[in-house]
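Visitor: test case, fold it:
(chains A and B)
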2 protein chains.
Amino acid sequence: MDFLKELEKRSEAVNEALDELLPAAGAYPPAIHEAMRYSLFAGGKRLRPVLALATAEMLGGSPGDIMPAACALELIHTYSLIHDDLPAMDNDDLRRGIPTCHKKFGEAMAILAGDALLTLAFGLITLCPARGRITPERLITVVREVASAAGTSGLIGGQVADIGSAADTVDGETLAYIHRCKTGAMYRVSVRTGAILSGSGDEDLERLTEYAEHLGMAFQITDDILDIVGDEKKMGKPAGSDLKNNKATYPALYGMDEARRMASLEAGLAVRCLDAYGEKAGFLRELARFVVERSH
Amino acid sequence: MDFLKELEKRSEAVNEALDELLPAAGAYPPAIHEAMRYSLFAGGKRLRPVLALATAEMLGGSPGDIMPAACALELIHTYSLIHDDLPAMDNDDLRRGIPTCHKKFGEAMAILAGDALLTLAFGLITLCPARGRITPERLITVVREVASAAGTSGLIGGQVADIGSAADTVDGETLAYIHRCKTGAMYRVSVRTGAILSGSGDEDLERLTEYAEHLGMAFQITDDILDIVGDEKKMGKPAGSDLKNNKATYPALYGMDEARRMASLEAGLAVRCLDAYGEKAGFLRELARFVVERSH
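Guide: Numbers count the residues shown, from 1 in each chain, chains lettered A, B, ... in the order given. Alright, predicted model coming up:
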């Protein structure tokens, strides 16, 4: 399997669905829809929706039917980036090589565009057709889990701990907490969304949740590493921005070599969780290797 | 019926439920939970949850079981106030007589507290027990409708149009659009939440939706009036803040007498929608009168 080609194909399918599911840029009031689309289509690998879809595929679910829920995960990711970039937060001017949402549309519109993406995300989940293994009960479970992953015990909790922690005061435990919340929770719920809407039993759900947790950690440690050594052009933002923002990172806390070792270890642990699925887990296995080997 | 006492009793029940459903102020990370609770418990009449509960009661539903969904409506209302007050938006220092969320906790935490309340709202809807007339299908419908009412065709759309419209350029149609979105959509979905989760048929749903639309309009026109003539102490914010912010309002566009007449007319139309329900609609009928007769 040519993994990168396969990933691109899947990301492209997500992009097409996002384009269909988002209000048109010209829909009234146009300013907000333009801002939402600007940030949503600024690039990105669509890893969260791809994870949900690949999990459903592996478990014999209906990736096509869960697409709206998969897209919801990307909307939440994008909203969190828009709000994180705001002057009151990380105050970043560039994201994926172009001006951040507030630089382009002003702060008020960036706040509202983030709010609107978050709100629409929950609406999208309800658009999955309740048929086959997708039942209304399971959709309700997904709404509950996504709200929890995106909330103060997940994404938002991680951001709060992050902005409250200067690099020089953070210990390993706090850093792991931040990453588990900020990145891990959304990876975790992405895989779980795919599994739950495929009618997965408890055993599958547990195994795949563990896969997602290791994958999220591998991804985030690698992100920390790439912020220091990555190619600015490919990353679309200045290298060293964590350093500039006095952010706690794995390389800062453990050194570069140890951080690399930790990322590999997490990826390996993720792959091991897939043993029971043999060939069918090919894509998810490659994905775990990809997140630590990528250059941006 | 002593309406004010009855309203207070119902608001108090909502407050108790909110206190139970929100993470404790000390829950990790405490900063965010403190900010969420600060704004949520700063006062407010809880009209949206009370509307949902009273509608359910009138239709023979289970107000107790729909309480989490009713509370969700208040969380969304509070989030919208926190974000509207931000310096990039209306830049208000006071709300309900105390410092606004960003004045008290800083801008970053206010943005995140708003995000967190919005996120938690969708989680709360899923906590309504699926029993009696509350089915998973109906809960999914409520999630979809709330996302729509809070999104760019409702609450957020109204706010976008509002910040894009200076008072002197707004015509009656745009002003009605802003109010229909900013206030109306949430009133509408509050009544519909109560009706849908009580298994209401199409006819009831249509009639009560119309009630809610007139009620929302009556409420908003009265809000505009109170901003000019209201008692600052009771309102908890300086009178004339709409004028200061160059906001379009009904009195500014139509004059004070005509605005009062329009508010009364809307309240009357709301009451007429309840004709079919006789005695059982007593509270909703009084509520429509209350929103135009209140002094704050």
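Visitor: can you list contacts of whichever helix or strand A:Leu253 is part of?
Guide: Secondary-structure assignment from DSSP states H and E places A:Leu253 in helix A:250-254. Helix A:250-254 is contacted by residues A:167, A:170-172, A:175, A:220-221, A:224-225, A:228, A:242-243, A:259, A:262-263 when judged by Cβ atoms under 8 Å, 6 or more residues apart in numbering or on different chains. Every residue, glycine included, has its C-beta placed from N, CA and C.
Visitor: again, but for stretch A:289-296
Guide: Under the contact criterion Cβ under 8 Å, 6+ apart, stretch A:289-296 has outside partners A:3-4, A:7, A:47, A:215, A:218-219, A:221-222, A:226, A:230-231, A:234-236, A:263-264, A:266-267, A:271.
Visitor: are any of those residues buried, and which?
Guide: For these, a burial check counting by 16 or more other Cβ atoms under 10 Å in any protein chain shown picks out A:7, A:47, A:215, A:218-219, A:221-222, A:226, A:230, A:235-236, A:263-264, A:266-267, A:271.
Visitor: closest one to A:Leu86 out of those, please.
Guide: For A:Leu86, the closest of these turns out to be A:Gly236, at 17.9 Å, with distances computed as Cβ to Cβ.
Visitor: check what pLDDT the closest one gets.
Guide: A:Gly236 carries a pLDDT score of 63 in this model.
Visitor: give me the neighbour count for A:Gly172.
Guide: The number of residues packed near A:Gly172 is 11, by other Cβ atoms under 10 Å in any protein chain shown.
Visitor: what is the neighbour count of the residue nearest to it when sequence neighbours are not counted?
Guide: For A:Gly172, the nearest residue in space outside its immediate sequence neighbours is A:Leu253; the separation is 6.2 Å by Cβ to Cβ, 6 or more residues apart in numbering or on different chains. Counted with other Cβ under 10 Å, residues neighbouring A:Leu253 total 17.
Visitor: do the same with A:Ala176
Guide: Residues near A:Ala176, counting by other Cβ under 10 Å, number 17.
Visitor: residues contacting the closest residue in space to it that isn't next to it in sequence?
Guide: By the measure of Cβ to Cβ, 6+ apart, the closest residue to A:Ala176 outside its immediate chain neighbours is A:Met217, 7.9 Å from it. Applying Cβ under 8 Å, 6+ apart, we find A:Met217 in contact with A:176, A:179-180, A:183-184, A:266.
Visitor: can I get those residues in CSV with secondary structure and pLDDT?
Guide: Supplementary listing: these in CSV, determined by DSSP: H, G, I helix; E, B strand; the rest coil; pLDDT from 0 to 100:
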residue, secondary structure, pLDDT
A:Ala176, helix, 91
A:His179, helix, 91
A:Arg180, helix, 93
A:Thr183, helix, 92
A:Gly184, helix, 96
A:Glu266, helix, 97
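Visitor: just flag the most distant two among the buried ones among the contacts of stretch A:289-296.
Guide: Taking Cβ to Cβ as the measure, the buried ones among the contacts of stretch A:289-296 have their most distant pair in A:Gly236 and A:Val271, spaced 28.5 Å apart.
Visitor: could you pull out the buried residues of the helix or strand where the residue nearest to A:Ala176 lies?
Guide: In this assignment (DSSP H and E), A:Met217 forms part of helix A:202-229. The neighbour-count criterion (16+ other Cβ under 10 Å) identifies A:204-205, A:207-228 as the buried residues of helix A:202-229.
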